[in-house]
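Asker: Here is my input, please return the structure:
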Amino acid sequence: MKIILLYGGQSAEHEVSILSAFSVLNTIYYNYYQVQLVYITKEGQWLKGPLLTEKPASKEVLSLTVSNGGQPGETYGELIMPCQIKETNAIVFPLLHGPNGEDGTIQGFLETIDVPYVGAGVLTSACGMDKITTKYLLQAAGIPQVPFVPVLKNQWKENPKKIFEQCEGSLLYPMFVKPANMGSSVGISKAENREELQLALEEAYRYDTRAVIEQGIEAREIEVAILGNEDVRTTMAGEIVKDVAFYDYNSKYIDNNITMAIPAQIPDEVQAKAQEYAKLAYTMIGGSGLSRCDFFLTSKNELFLNELNTMPGFTQFSMYPALWEATGLQYGDLIEELIQLGLNRYEQRQKFLVKL
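Answerer: Residues are numbered from 1 along each chain as shown. A predicted model of the protein is given here:
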């Protein structure tokens, strides 16, 4: 069987996608699968790369360029139309993070051309990617969250003073400002005062026309991994151990200043509550395949759900595969389960389609 590994993309998380793709390529069971590389450039071109039958020697194999007699050592790809990725006896693994990949757009395209794929469906991906929508869904489910204020870019431009008053009337400094549709800490800023809040909103609007402002709290960062379609499983909680107040994109992916504690040293009842909330949130957004559920945990053991990530990072530094490995599911077996869950979801969907 062939795995069509779709990576890159037109989001600010392009490089994270490449890191995730390389980690997966080093772990796939090549005795069962061939891997067809399909790279989406930052300009939106789709390049079909080499067919891999063994672990690549280096990450350079993923950096495809259009074949035009360029520099020695470069890997060339064939420029294709997106629909040309469809093949028989194949499943797409969309290792795309952020907008135009994790937000339901690619999932909708794959549904349209009728190919199986790994991960969440269209609605789940769209809801999970959008922080504001996720917060309202979690609110409806009764899952605790920190206070928040959603702010549209046009609202901000029309009346900044009103936005300041709205935020300062319901939240306390420090506040965290995030683009509604972005991940990997891209575009996220901490604001300690009104001037910093203004700068933080301007930064967030570089990536989206909608932003969410959250109450900052002193808390530990606890994460739970989720796997499954109808039969949902969760891992024990892990913790991102911080030596700085806030981890931005560079801390996570460039400097690798991240330490993970697995399992997190938390009371049993907090562990159970985190798993319960993770399952409930996953079910609420119609999850399938995989997700990572992120929480804040205060010194009083108050648990607040921060966000649900429907395509968490798969790099060697990522919490999602590390949590499953600590639970006894090795990286290669995890990828195999995700493939089977994707095939199962596709087969289930076929049963509901109208046959003419």
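Asker: what residue ranges in the stretch 101-250 of the chain score low on pLDDT?
Answerer: For the stretch 101-250 of the chain, the stretches with pLDDT under 70 are 183-184, 243-250.
Asker: how about the strands in it?
Answerer: 148-152, 175-179, 189-191, 210-215, 220-228, 233-234, 238-241 (DSSP state E, counting those that start in this stretch).
Asker: what's the closest of those strands to residue 22?
Answerer: strand 220-228 (20.4 Å; CB to CB). In this view, the C-beta of every residue, glycine as well, is placed from N, C-alpha and C.
Asker: Tell me, how many residues neighbour residue 139?
Answerer: Residue 139: 12 surrounding residues under other CB atoms under 10 Å.
Asker: Residue 311 now?
Answerer: With other CB under 10 Å as criterion, residue 311 counts 30.
Asker: picking that back up, Throw the strands of the stretch 101-250 of the chain into a markdown table and include mean neighbour count and distance to residue 22, thanks.
Answerer: Formatted as a markdown table, these follow (neighbours: other CB atoms under 10 Å; distance: least, CB to CB, whole Å):
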| stretch | mean neighbour count | distance to residue 22 |
| --- | --- | --- |
| strand 148-152 | 19 | 35 |
| strand 175-179 | 24 | 26 |
| strand 189-191 | 19 | 29 |
| strand 210-215 | 23 | 32 |
| strand 220-228 | 23 | 20 |
| strand 233-234 | 18 | 27 |
| strand 238-241 | 18 | 22 |
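Asker: Let's have these in TSV, adding distance to residue 61.
Answerer: Formatted as TSV, the strands of the stretch 101-250 of the chain follow (distance: least, CB to CB, whole Å):
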stretch	distance to residue 61
strand 148-152	42
strand 175-179	31
strand 189-191	35
strand 210-215	37
strand 220-228	28
strand 233-234	33
strand 238-241	31
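Asker: Out of those strands, which gets nearest to residue 25?
Answerer: Comparing those by CB to CB, strand 220-228 comes nearest, at 20.7 Å.
Asker: just to revisit the earlier point, can you tell me which of the strands of the stretch 101-250 of the chain comes nearest to residue 168?
Answerer: Short answer: strand 175-179, nearest of the strands of the stretch 101-250 of the chain by CB to CB, at 9.0 Å.
Asker: Compute the inter-axis angle for that closest one and strand 210-215.
Answerer: 160 degrees (axes from the mean of the first three to the mean of the last three CA atoms, to 10 degrees).
Asker: Now do strand 175-179: everything it contacts.
Answerer: 131, 167, 186-191, 197, 200-201, 203-208, 210-216, 246 (CB atoms under 8 Å, 6 or more residues apart in numbering).
Asker: What backbone torsions are found at the nearest residue to residue 82 once chain neighbours are set aside?
Answerer: Spatially, and ignoring its direct neighbours in sequence, residue 82 is nearest to residue 46 (5.3 Å; CB to CB, 6 or more residues apart in numbering). In terms of degrees, to the nearest 10, the main-chain angles of residue 46 are phi -110, psi 120.
Asker: coming back round to it: quick one: which of the strands of the stretch 101-250 of the chain is nearest residue 90?
Answerer: strand 220-228 (22.3 Å).
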